[in-house]
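S.K.: Prediction below, plus the sequence it came from.
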Amino acid sequence: MEMMGRHKDEGLTADLALEVCQRTGTKAILAGSISRLGAHYAIGLNALNCRTGDSLGSQQVEADSREQVLRELGNAATKMRKKLGESLPSMQRYDVPLEQATTASLDALKSYSLGLSTYDAKGARASIPFVQRAVELDPNFAMAYARLGAMYSAGDNALLSVENVRRAYELRVRVSERERLYIEAHYFRDVTGELDKAASVWEVMQQTYPREGEPYSNLSTFYRENGNYERALQEANEAHRLYPNDQDGYVALGQSYLYLNRLHDAEALFREAEERKLESELLLWNRYQLAFLKGDESEMERLVATSADKEGADKLRIWQGHVEAYHGRVRKARELIQPAARDCGRPCAQLSLIEAYYGARHQAHLDADAAMKPNVKGSNFPELVLALALAGDVAKAEKLSMELNKSFPLHTRVQRYWLPTIRAAVALDRNNPAEAIELLHAVGPNEIGNLQVFSISERGRAYLMLNNGGAAAVEFQKILDHPGIVGLKAIGALAHLQLGRAYAMQGDTAKSRAAYQDFLTLWKDADPDIPILHQAKAEYAKLK
């Protein structure tokens with residue numbers, strides 16, 4: 001069925017309808033009209049039989065504003081399809097609402113809308129081809145570039161994210177106020193990295209468009225990163241309420257539950273998402289992390305098996321590698337991570353950081369080199385720079401820190417978290433723990449978020465070097481008290497060992513032995529040649 005739109009005062013004559021039918025060869029035509037009634041808009045649809053010119057049915061709806069016209073047009077089309085007898089399964093499959101976005105191309109808008117509906121159900125990777133097609137059809141489609149950038153960001157492709165969001169920002173003069181706010185928020189978040197500014201824009205969008213779920217889910221992420229977990233949960237709940245069939249809402253709420261160690265609530269939520277047939281890499285990641293936190297190895301294996309032939313399988317193998325590394329099985333971790341990482345990049349930088357923490361300096365340097373080879377901007381990975389500092393290559397770490405500072409002068413994560421942590425690690429390598437603690441004041445000692453865990457670990461190491469076991473124990477206990485935040489990070493396992501050292505320094509042998517035992521139990525099948533394992537066993541033997 002062809003669809004043809006006309007202004008009401010022009011009308012659609014039977015002769016014109018027949019002409020369109022003959023030209024397109026279709027059996028029926030759906031003619032539309034839009035007229036203004038004061039502040040409202042009247043939308044009419046009429047289905048015509050191309051052979052006879054008879055009406056097959058009509059539908060009339062009203063829109064409260066110009067911005068609501070496309071949405072109501074989509075609603076009218078859905079009602080018309082039902083009136084014409086289309087089956088419910090067919091309507092559910094093909095009923096993709098047209099989103100409100102500024103573009104001169106209806107085909108681009110349709111592809112864009114299909115991309116967003118795919119994102120709601122299946123996440124970023126599955127939706128990218130549709131939105132990419134939209135910008136190919138309309139190279140000036142600002143909102144499509146912005147969405148594409150956000151999708152690449154969700155898929156951990158920072159370079160493509162920045163490229164597309166920057167293009168959207170350049171085109172923002174063409175868009176509506178709602179789109180402008182969305183674009184500017186993502187520009188501050190993904191391009192300049194100014195998270196406070198991004199949050200301010202999301203708050204404006206939230207107040208201006210209170211029925212939009214995205215400001216709530218994005219503010220939830222912002223508050224989680226800054227240690228305000230109850231506020232993050234509040235925002236996530238609202239996002240989920242507004243968009244109950246959107247995988248993004250499940251991700252935001254599920255992550256908030258995990259950060260608060262509310263594992264039963266997270267489990268019930270993810271079960272509901274699975275029943276609704278929602279899937280995405282982030283949902284899969286959350287479910288895998290939940291199984292890890294519960295110690296449910298069979299569920300972790302099931303998720304791997306059922307996702308083997310799906311998008312996101314490579315990322316899942318990388319997560320498997322991190323679980324292996326958490327338990328000291330670094331060789332197995334490398335076997336999983338390197339083949340799964342197409343260009344190595346950040347996964348190799350993360351592997352290098354793990355090896356540096358474990359004292360395997362030579363291998364840490366090899367994986368740092370591998371992380372830099374596929375991408376000339378490999379030095380932009382903060383994990384790699386921290387790994388080099390921990391592995392004793394402080395000259396290169398300082399050089400790359402300067403490059404990070406120059407490349408990301410406004411970036412909240414880089415300036416507030418990564419650089420102070422890297423500089424502290426350099427100070428510790430130079431046996432200057434007091435300077436390290438001073439440098440870490442920029443992070444703040446009282447909050448723990450996804451990035452702050454590295455800063456907390458370095459602060460704890462500094463206190464150990466100062467022979468202040470009590471202060472060190474406080475820092476490492478923070479890591480152990482927040483397993484949902486630490487997740488699969490290797491420092492979660494190492495915190496047991498470091499806590500044992502802190503208690504030994506205080507003369508509390510019983511607590512020290514218990515902490516060492518916790519670590520050695522986690523590492524019962526660890527690679528035998530890891531330097532920190534030899535140190536731990538020797539230290540534990542002296543406690544007996």
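M.R.: Arrived safely.

S.K.: Please spell out which residues along stretch 182-193 are buried.
M.R.: Applying a neighbour-count criterion of 16 or more other CB atoms under 10 Å, the buried positions in stretch 182-193 are Tyr182, Ile183, Glu184, Ala185, His186, Tyr187, Phe188, Arg189, Asp190, Val191, Thr192, Gly193. The way it works is simple: take the backbone N, C-alpha and C, and place the C-beta from them, glycine included.

S.K.: Tyr119 reaches Asp248, doesn't it?
M.R.: Yes. Counting by CB atoms under 8 Å, Asp248 is a contact partner of Tyr119 at 7.4 Å.

S.K.: Which residue is the nearest non-sequential neighbour of the residue minimising distance to the centre of the chain?
M.R.: The chain has Ala154 as the residue nearest its centroid, 3.9 Å off, counting by CA atoms, centre = their mean. Spatial nearest neighbour of Ala154, chain neighbours left out: Ala124 (4.0 Å); criterion: CB to CB, 6 or more residues apart in numbering.

S.K.: how many neighbours does the one you found have?
M.R.: The tally of other residues near Ala124 (other CB atoms under 10 Å) stands at 27.

S.K.: what do you get for His365?
M.R.: 19.

S.K.: do Asp369 as well
M.R.: Residues near Asp369, counting by other CB under 10 Å, number 14.

S.K.: again, but for Lys406
M.R.: 8.

S.K.: Likewise for the one 5 residues further on?
M.R.: Under the neighbour criterion other CB under 10 Å, His411 is assigned a count of 20.

S.K.: what's the nearest residue to it if we skip its chain neighbours?
M.R.: That would be Gly193: by CB to CB, 6+ apart, it lies 2.9 Å from His411.

S.K.: same deal with Phe454?
M.R.: Closest to Phe454 by CB to CB, 6+ apart is Thr421, at 5.0 Å.

S.K.: Am I right that that neighbour is in contact with Ala442?
M.R.: No. If you go by CB under 8 Å, Thr421 and Ala442 don't touch, sitting 9.3 Å apart.

S.K.: Those two: which has the busier surroundings?
M.R.: Shown here are Thr421 and Ala442; by other CB under 10 Å, Thr421 has more neighbours (28 against 15).

S.K.: How about the contacts made by the residue nearest to Phe454?
M.R.: Contact partners of Thr421, counting by CB atoms under 8 Å, 6 or more residues apart in numbering, are Leu386, Leu440, Val443, Phe454, Ser455, Glu458.

S.K.: Counting by contacts, list what the host helix or strand of the fifth one packs against.
M.R.: Pointing back at Ser455 there. Using DSSP states H and E, Ser455 maps to helix 452-465. With contacts taken as 3 or more CB pairs under 8 Å, 6 or more residues apart in numbering; DSSP states H and E, helix 452-465 sits against helix 419-429, helix 433-439, helix 469-481, helix 491-506.

S.K.: In a markdown table: these, plus mean pLDDT and distance to Leu284.
M.R.: As requested, those are arranged in a markdown table below (pLDDT from 0 to 100; distance: least, CB to CB, whole Å):
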| stretch | mean pLDDT | distance to Leu284 |
| --- | --- | --- |
| helix 419-429 | 96 | 29 |
| helix 433-439 | 96 | 37 |
| helix 469-481 | 96 | 25 |
| helix 491-506 | 97 | 20 |
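
S.K.: now the ones you listed as TSV including distance to Ala142?
M.R.: Listed next are those as TSV, based on distance: least, CB to CB, whole Å:
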stretch	distance to Ala142
helix 419-429	33
helix 433-439	41
helix 469-481	43
helix 491-506	41
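
S.K.: for these, which one sits closest to Glu235?
M.R.: helix 469-481 (23.2 Å; CB to CB).

S.K.: Send me whichever helix or strand comes after the closest one as CSV with only the CA atoms.
M.R.: Counting by DSSP H and E, the next helix or strand C-terminal to helix 469-481 is helix 483-486. The C-alpha atoms that make up helix 483-486 are tabulated as CSV, following Å, rounded to 0.1, in the frame of the first residue of the first chain:
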residue,chain,number,x,y,z
PRO,A,483,31.3,-5.7,45.1
GLY,A,484,28.6,-4.5,42.8
ILE,A,485,30.7,-1.4,41.9
VAL,A,486,34.0,-3.2,41.7
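
S.K.: about what we covered before: can I get the contacts of Thr421 in CSV including pLDDT, neighbour count and distance to Gln132?
M.R.: Listed next are the contacts of Thr421 as CSV, based on pLDDT from 0 to 100; neighbours: other CB atoms under 10 Å; distance: CB to CB, whole Å:
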residue, pLDDT, neighbour count, distance to Gln132
Leu386, 95, 27, 34
Leu440, 94, 23, 42
Val443, 87, 23, 38
Phe454, 93, 26, 35
Ser455, 93, 27, 38
Glu458, 96, 29, 41
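
S.K.: re earlier: what distance do you get for the residue nearest to Ala154 to Leu181?
M.R.: 21 Å (CB to CB, to the nearest Å).

S.K.: ditto for Glu475
M.R.: Counting by CB to CB, the gap from Glu475 to Leu181 is 39 Å.

S.K.: ok, now Gly249?
M.R.: Taking CB to CB, one finds Gly249 at 19 Å from Leu181.

S.K.: The two: which has the busier surroundings?
M.R.: Gly249 (27 against 22).

S.K.: Can you name the next helix or strand after the helix or strand harbouring the more buried one?
M.R.: For Gly249, the enclosing helix or strand under DSSP H and E is helix 247-259. Heading C-terminal from helix 247-259, the first helix or strand you meet, by DSSP H and E, is helix 263-275.
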